[in-house]
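S.K.: sequence unknown, structure follows:
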Ligand SMILES: [Zn+2]
């Protein structure tokens, strides 16, 4: 039996492009960047950054990969909804508010909580869909 441990760059890119298309964040700026996380939404510049560090990913990293991408896409959806500059203001306001309340600017940040819940709620259905399509 052949165990394909690594997911090819092509299949990884297919997953990313399907997700961006589905969540209609095509109009949001996307930038490829070498970084530790799979994806990151840059609130300051309104850019969805995707990591070039992992050309391929391992099968056991798929859950983390999907959860992260979907979490960051949620920020991009917010940015699209309000306009990225407005969203930047809202996000900064929320950070300052949490700090003023003696709480954590990220962990208690409502935009982070919503994005995290969205990622956790949705990764599995995409996992099943992509698996069915033979992408990993
Ligand atoms: Zn986030």
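M.R.: Ah, there it is. The model shown is predicted, which means the values in this text are computed figures rather than measured ones.

S.K.: enumerate the residues of this protein near the ion.
M.R.: Counting by Cβ under 5 Å from the ion, the positions of the chain adjacent to the ion are 112, 115. To be clear about C-beta, it is placed using only N, CA and C from the backbone, and glycine gets the same treatment.

S.K.: what's the single longest helix in the chain?
M.R.: In the chain, ranked by residue count with DSSP state H as the criterion, the top helix is helix 110-132.

S.K.: which residues touch the helix or strand of the chain with the lowest mean pLDDT?
M.R.: The least trusted helix or strand in the chain, going by mean pLDDT, DSSP states H and E, turns out to be strand 6-7, with a mean of 84. Strand 6-7 has contacts (Cβ atoms under 8 Å, 6 or more residues apart in numbering) with 56-59, 62, 135-136.

S.K.: list the buried residues for the longest helix of the chain?
M.R.: When neighbours are counted by 16 or more other Cβ atoms under 10 Å, the buried residues of helix 110-132 are found to be 111-112, 115-116, 118-119, 122-123, 126-127, 130.

S.K.: mean confidence for it?
M.R.: Mean pLDDT, computed over helix 110-132, is 97.

S.K.: show me what it packs onto, helices and strands only.
M.R.: Helix 110-132 is packed against helix 9-22, helix 62-82, helix 84-100, with contacts defined by 3 or more Cβ pairs under 8 Å, 6 or more residues apart in numbering; DSSP states H and E.

S.K.: quick check: residue 9 vs residue 112, distance?
M.R.: Taken as Cβ to Cβ, to the nearest Å, the spacing of residue 9 relative to residue 112 amounts to 29 Å.

S.K.: hang on, the earlier thing: now the longest helix of the chain, how far from the centre of its chain.
M.R.: Shown here is helix 110-132, whose average C-alpha point lies 9 Å from the average C-alpha point of the whole chain (Cα atoms, centre = their mean, to the nearest Å).

S.K.: name the residues that touch it?
M.R.: By Cβ under 8 Å, 6+ apart, the surrounding residues in contact with helix 110-132 are 15, 18-19, 62-63, 66-68, 70-72, 74-75, 78, 90-91, 94, 106, 136.

S.K.: and residue 79, what does it touch?
M.R.: Residues touching residue 79, when contacts are defined by Cβ under 8 Å, 6+ apart, comprise 28, 41, 43, 46, 87.
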